[in-house]
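sequence unavailable; structure follows:
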């Protein structure tokens, strides 16, 4: 859900207040969990029965109420309704209503089958994964008519489509980072062929993926929205066209979208999982003012708020006795950071590592936390506390203005310089930007704050050299440290349309990351990622400053909500309580 979780999953969010029904503690693991079988000819694990879909909440009643309309308010707009491209915190929840991959997560971080008919069979060397496709899964058109059943050809096409450099308006931001380890993927990425040799259709219901090297996270990748299955005759290589008329297998169908108003999703009458969907309609209201959303919530005309509560209202809401039993909070698996263009043209100041290190020393993290009412913890390195690989001793840049000034002098910028600092308009993001502006001014970096609407902001920071410096957040796509390296800090992602806003590229780090990803010894793997983190922090493409704490406000109308450790919230699982 950054940059592009910035989903991103860019995630440029502060304290998020939602109307939800419960909370659960996040968990994470260094390798995927689930029932994948191993060895040649091994029997695949049994799939979850259709009557007990993976998306059903653990606390759901035996008979989940059906019908009604759920409304969710968003400050920003839906960027894409194409799973090959979308990578932000507004688009992903919408996409997950319409599209489905082979695998999913249970209420925690355990991988379970979704479109797959059981967990895959895995070869003894961990390089081959064979999936059977669930029978009876249908692609359904916007009008509710059935297009046809899903086949293994669609699975193969969908992943090859993500790999394709011909995708418009730009290639997928994770093509190489997530799927580049598939045999033959390099040829697709290079434009030499349209299909990877390692994606094999065995028969209409069976597909095999062969990897170049063993990868402990491949199954996690196959549970991301990027691995969603789309119909090959409808989903071409134009993401704009497919976003306008999306067709998938999910519990809800796309009905309409108008910028500044929102999107409407309606019940899929031919959905393949018995008992779902729970709602008749889901109303995504986009382009909403934060204060207006708060008033709508108080008036009972809005069910959920997808953006931060206005900072000025935070204390009033969280200390109101009327909400005592309705407020829950949870520390996200996320990191907020200042990014700097490490490849700034014309030997610009941020191409100098000493300037970037100076920025790290200059930022007053305690002051930023005060803006968000201390909702979160200071982030000193890349990996957040609830992620495998977190290192509490990693703190290379304690707040030290004198040290920062000394580095600026060593870099040849003792007199400072002028630049623009980018943020989005969602509260409290501009206020955080203003705090960082003061910190930078103390060492001679004079910044002009540029606050942009979320869609414009994402385009700016995902276009090389448009934003020399700014701040954004990254939420996990899946519970593994590789997800905080490969999609946002690798050479493959230092391109237009990808989430690497700092354009960081260190081929030695890429080599270390590739080796760590294939390491089968858990302790060695974690140690490798901790060393990678230290190497990157020495290069200072980022100045991490916060891990967010997510506050939620329970709506008495909404049932089935639990804070999910991967998705944050799972809209598919929500329902309207009877009599509300």
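All right, it came through fine. This one's a predicted model, so the numbers in the text were calculated from it and none came from an experiment. Residues are numbered from 1 along each chain as shown.

please tell me how far residue 173 sits from residue 499.
As judged by Cβ to Cβ, to the nearest Å, residue 173 and residue 499 stand 5 Å apart. Quick note: C-beta positions are derived from backbone N, CA and C, even for glycine.

which residues are common contacts for the two?
Residues touching both residue 173 and residue 499 by Cβ atoms under 8 Å, 6 or more residues apart in numbering: 4, 87, 462, 487, 493.

what is the burial count for residue 430?
Burial of residue 430, expressed as a neighbour count using other Cβ atoms under 10 Å, amounts to 16.

give the contact list for it.
423, 449, 451.

so the first one sits in a helix?
No: going by DSSP: H, G, I helix; E, B strand; the rest coil, the assignment for residue 423 is strand, not a helix.

list the residues that contact it.
Residue 423 makes contact with 12, 429, 430, 432, 433, 449, 450, 451, 452, 457, 470, 471, according to Cβ under 8 Å, 6+ apart.

now swap in the last one and tell me
When the contact criterion is Cβ under 8 Å, 6+ apart, the partners of residue 451 are 422, 423, 424, 425, 429, 430, 433.

quick check, nearest of the residues you listed to residue 329?
residue 429 (19.5 Å; Cβ to Cβ).

would you list the phi and psi of the closest one?
Backbone torsions for residue 429, taken as degrees, to the nearest 10, come to phi -60, psi -40.

that one: neighbour count?
26.

does residue 284 count as helix, strand or coil?
Using three-state DSSP, the structure places residue 284 in strand.

and it, how far from residue 228?
Counting by Cβ to Cβ, the gap from residue 284 to residue 228 is 18 Å.

residue 318 versus residue 151, what's the distance?
In terms of Cβ to Cβ, residue 151 sits 50 Å off from residue 318.

re the thing from before, turn the contacts of residue 430 into CSV, columns for pLDDT and distance to residue 339.
Below are these laid out as CSV (pLDDT from 0 to 100; distance: Cβ to Cβ, whole Å):
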residue, pLDDT, distance to residue 339
423, 96, 11
449, 97, 15
451, 96, 16
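
let me know the closest of the residues you listed to residue 277.
Closest approach between the contacts of residue 430 and residue 277, by Cβ to Cβ: residue 423, at 36.4 Å.

which non-adjacent residue is nearest the closest one?
Using Cβ to Cβ, 6 or more residues apart in numbering and skipping residues adjacent in sequence, the residue nearest residue 423 is residue 433, 4.0 Å away.

can you give the distance of the stretch of helix or strand the one you found belongs to from its chain's centre?
Per DSSP states H and E: residue 433 is located in helix 429-441. Relative to its chain's centre, helix 429-441 lies at 25 Å (Cα atoms, centre = their mean, to the nearest Å).

for the longest helix along the chain, name the packing helices and strands.
Assignment by DSSP state H gives helix 522-539 as the longest helix of the chain. Here helix 522-539 touches helix 507-518, going by 3 or more Cβ pairs under 8 Å, 6 or more residues apart in numbering; DSSP states H and E.

which residues of the stretch 101-250 of the chain score low on pLDDT?
Residues of the stretch 101-250 of the chain meeting the criterion pLDDT under 70: none.

the chain now?
For the chain, applying pLDDT under 70 flags the ranges 1-62, 308, 554.

hmm, back to that, okay, the angle between the helix or strand just after the longest helix of the chain and helix 522-539?
Toward the C-terminus, helix 522-539 is succeeded by strand 542-553 as the next helix or strand (DSSP H and E). Here strand 542-553 points in a direction 120 degrees away from that of helix 522-539 (axes from the mean of the first three to the mean of the last three Cα atoms, to 10 degrees).

next helix or strand past strand 542-553?
strand 558-559.

give the contact list for residue 94.
Counting by Cβ under 8 Å, 6+ apart, residue 94 makes contact with 78, 81, 263, 265, 284.

can you tell me what sits against the longest helix of the chain?
30-31, 216, 342, 353, 356, 381-383, 388-389, 391, 394, 396-397, 481-482, 485, 489, 504, 506, 508-509, 512-513, 515-516, 519, 542.

next, the angle from it to helix 507-518.
160 degrees.

buried ones in helix 522-539, by neighbour count?
Using 16 or more other Cβ atoms under 10 Å as the test for burial, helix 522-539 gives 525, 526, 528, 529, 530, 532, 533, 536, 537, 539.

go on, stretch 195-209?
Buried-residue list, stretch 195-209, by 16+ other Cβ under 10 Å: 195, 196, 198, 199, 200, 201, 205, 206, 207, 208, 209.

residue 136 versus residue 283, what's the distance?
Residue 283 is 29 Å from residue 136, by Cβ to Cβ.

which residue sits closest to the residue lying farthest from the centre of the chain, ignoring its sequence neighbours?
No residue in the chain sits farther from the centre than residue 415, which is 39.2 Å out by Cα atoms, centre = their mean. Counting by Cβ to Cβ, 6+ apart, residue 444 is the residue found nearest to residue 415 once chain neighbours are left out, at 6.4 Å.
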